[in-house]
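K.L.:
Provide a 3D model corresponding to the input given below.
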Amino acid sequence: MSITTCGTCGGTYHWSWEDAFDKFGFGDGDGMVMTDTVADVLREAGYTVTVEPWGFHNIVIMSVKRDKQDLVPPTAVVGYDNPRHYLPTDIIDLLDEKLSKDAEVHYE
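P.N.:
Here you go, the predicted structure:
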């Protein structure tokens, strides 16, 4: 899990990149929602990312494209399926590397 320090309370927040693909991620949107941070890692690597609000308080990555091809297969139930089961290995490896366990990730 990545670690982020809360700018409001100064507490330590543990999270995983998989939450950005989960409707119930980041404490169902009640915690620090780090979806944009995950999307930025993908964008910096050259992917086109679609992020959409889900309900009143959560934001979910719905699409990851490269060369106009969506790398989220149509069989994936985005928001509910584990992204490790449907994302290509190179995306998983990238996110595991950039948002690794116990890595400090700054909240912007």
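K.L.:
so what's the residue count around the closest residue to N58 other than its chain neighbours?
P.N.:
Leaving aside its chain neighbours, N58 sits nearest to G29 (3.1 Å; criterion: CB to CB, 6 or more residues apart in numbering). Glycine gets a C-beta too; all of them are placed from N, C-alpha and C. Look at G29: counted by other CB atoms under 10 Å, it has 20 neighbours.
K.L.:
my read: G29 touches V60, true?
P.N.:
No: assessed by CB atoms under 8 Å, G29 is found out of contact with V60, at 9.3 Å.
K.L.:
hey, what's in contact with both of the two?
P.N.:
W54 (CB atoms under 8 Å, 6 or more residues apart in numbering).
K.L.:
would you map the strands across this structure?
P.N.:
Ranges of strands in the chain, per DSSP state E, are 2-5, 12-15, 48-54, 58-66, 69-70.
K.L.:
partner strands of the last one, parallel or antiparallel?
P.N.:
This points to strand 69-70. Using DSSP bridges, the strands paired with strand 69-70 are strand 58-66 (antiparallel).
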